[in-house]
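Student: okay, predicted coordinates and the sequence, questions at the end:
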Amino acid sequence: MMDIHAILKQLPHRYPFLLVDRVLELDKGKTIKALKNVTMNEPFFEGHFPHRPVMPGVLMLEALAQAAALLAFDALGTSPSDDMVYYFAGIDGARFKRPVEPGDQLILDVELLRMKAGIFKFKAKATVSGELAVEAELTCAMRAIA
């Protein structure tokens with residue numbers, strides 16, 4: 001559906017902060033399913049935690065927000081530009097249910113609940129092998145910069 005080359009054209013994030021590897025499904029203006037392959041080479045594992053590597057929960061939420069951004073840009077039929085920023089504006093009801101470790105494939109499912117005046121509200125969850133890892137409602141804002 002969308003490979004890493006297409007994702008790089010839609011998201012401004014780059015290594016080590018690009019957290020979406022592939023888009024598996026995209027229903028315009030409604031839902032997106034994407035994936036992040038988590039490898040031992042991720043830089044955050046060096047310090048989180050050396051004796052038992054675990055993906056930080058905040059990065060799981062960031063991966064969901066990046067998938068949400070891809071859904072928002074597609075819904076609007078636009079791409080990011082140098083005079084526009086897509087901010088992560090809020091998180092509600094975040095719950096972490098399962099640790100994510102090297103070798104896991106994080107499946108990101110995001111549903112667009114509403115959008116109005118550049119504010120987007122999403123329901124999001126990430127799973128590993130069908131087990132819920134994290135869920136939350138995300139708010140993002142698209143704003144022009146001077």
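Tutor: Ah, there it is.

Student: okay, CA-based contacts and neighbour counts for the rest of this
Tutor: Will do.

Student: which SS class is the residue nearest to Leu19 when sequence neighbours are not counted?
Tutor: Spatial nearest neighbour of Leu19, chain neighbours left out: Ala63 (5.0 Å); criterion: CA to CA, 6 or more residues apart in numbering. Three-state call for Ala63 (DSSP: H, G, I helix; E, B strand; the rest coil): helix.

Student: what sits against Ala63?
Tutor: The contact partners of Ala63, by CA atoms under 8 Å, 6 or more residues apart in numbering, come to 18-20, 36, 108.

Student: tell me where this protein has helices.
Tutor: Here the chain has its helices, by DSSP state H, at 4-10, 57-76.

Student: dump the contacts of Ala63 into a markdown table; add neighbour count, distance to Pro43 and pLDDT as well.
Tutor: A markdown table is the format used below for the contacts of Ala63 (neighbours: other CA atoms under 10 Å; distance: CA to CA, whole Å; pLDDT from 0 to 100):
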| residue | neighbour count | distance to Pro43 | pLDDT |
| --- | --- | --- | --- |
| Leu18 | 17 | 12 | 97 |
| Leu19 | 23 | 12 | 98 |
| Val20 | 26 | 15 | 98 |
| Lys36 | 21 | 15 | 98 |
| Leu108 | 29 | 21 | 98 |
